[in-house]
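Novice: below are the sequence and a predicted model for it; my questions follow.
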Amino acid sequence: MAADAHTVTIAHVSDLHLGAHSPAAVRDLPADVAAARPTVTVVTGDLTMRARAGQFRQARAVIDALPEPRLVVGGNHDIPLWNVVKRLTRPYAEYRTWLDGDLDPVLDLDVARVQGLNSVAPWRWKSGRVTRRQIGWLTDGSPGVPLVVALHHPVSERAPAGVVGRGRLLAALARAGAEVVLAGHTHLPAVRRVAVPGPDGRRHDLIEVVAGTATSTRTRGTGQSWMLIQIDPEQVTVEQRWHDGAGWHAGPRTRLPRSARPSRSH
């Protein structure tokens, strides 16, 4: 996909699951992402399989090989599973050690504002949550600059894969004027519109992009994939990038006008 000065190019990578990964996909991923020359690389959680130090070390190496600037949020696999005490008292200790102390990172770029939200709930097995305090941090960028929000759990999903407090979160995204929401978690790549009543009573359309698993062997029949997203003044274009065991290749492409319903091309 060709880009120009008015286009935001996002490499959206998710669900690495280092520790249960395809070595070939891990090997080939950084070069394929770099070839897209993204404005920003966004990684939406489940970096590890079981939140062990060695797996975080691998994740750190993979993320460091991806193009900058980068924004990373954690997933439910990035906190201890069997160590219940640590899960409840220090769930993010390894994540903070190996990755970032900021669980809700923000990147202000000239062409976009990208805001990460930690949707992990240590006391929940699979579903996520976003707190009222986090929702209060959602702010729009400069006029004409798209707001992109990244979290692990898709906002379109309901329990058990979705976000507790989903209604509050959707309303806050509408108030903030968010245009694109990036997520992972399901390992099933998808691009969809999510209609939300706006604060003025008018419908606000979010574009949700759910990335598949980039490097995990737990592909649920879809293979490894990541999403290449371009936001231009007229539309959002999403291309799925697929790994076939030998390398990465272009997959289906979806075009969604920023103010109309989507059309697909392949």
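Specialist: Arrived safely. Numbers count the residues shown, from 1 in each chain.

Novice: okay, and residue 169 sits in which element?
Specialist: Taking DSSP states H and E as the criterion, residue 169 maps to helix 166-176.

Novice: and the nearest residue to residue 68 once chain neighbours are set aside, what does it touch?
Specialist: Nearest residue to residue 68, sequence neighbours excluded (CB to CB, 6 or more residues apart in numbering): residue 41, at 7.3 Å. To be clear about C-beta, it is placed using only N, CA and C from the backbone, and glycine gets the same treatment. Each residue near residue 41 by CB atoms under 8 Å, 6 or more residues apart in numbering is listed here: 10, 11, 13, 33, 66, 67, 68, 69, 70, 71.

Novice: in helices, which of these fall?
Specialist: residue 33 (DSSP state H).

Novice: hang on, the earlier thing: list the buried ones in the helix holding residue 169?
Specialist: Using 16 or more other CB atoms under 10 Å as the test for burial, helix 166-176 gives 166, 169, 170, 171, 172, 173, 174, 175, 176.

Novice: in a markdown table: those, plus distance to residue 53.
Specialist: What follows is the buried residues of helix 166-176, written out as a markdown table (distance: CB to CB, whole Å):
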| residue | distance to residue 53 |
| --- | --- |
| 166 | 33 |
| 169 | 32 |
| 170 | 36 |
| 171 | 39 |
| 172 | 35 |
| 173 | 35 |
| 174 | 40 |
| 175 | 40 |
| 176 | 36 |
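
Novice: just give me the closest of the contacts of residue 41 to residue 116.
Specialist: The closest of the contacts of residue 41 to residue 116 turns out to be residue 71 (CB to CB; 5.4 Å).

Novice: can you show me the helices along this structure?
Specialist: 23-35, 53-64, 84-89, 93-98, 132-137, 166-176.

Novice: only whichever of the contacts of residue 41 are buried, select them in PyMOL.
Specialist: To isolate the buried members of those in PyMOL, using 16+ other CB under 10 Å:
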select buried, resi 10+11+13+33+66+67+70+71
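
Novice: can I get the contacts of residue 41 in CSV including pLDDT?
Specialist: Formatted as CSV, the contacts of residue 41 follow (pLDDT from 0 to 100):
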residue, pLDDT
10, 98
11, 98
13, 98
33, 98
66, 98
67, 98
68, 97
69, 98
70, 97
71, 98
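
Novice: show me the contacts of residue 41 that map onto strands.
Specialist: 10, 11, 13, 70, 71 (DSSP state E).

Novice: quick check: bridge partners of the last one?
Specialist: Under DSSP bridges, the beta-bridge partners of residue 71 are residue 42.

Novice: who's in contact with it?
Specialist: Here residue 71 is in contact with 40, 41, 42, 43, 105, 106, 107, 114, 116, 150 (criterion: CB under 8 Å, 6+ apart).

Novice: nothing else from me, thank you.
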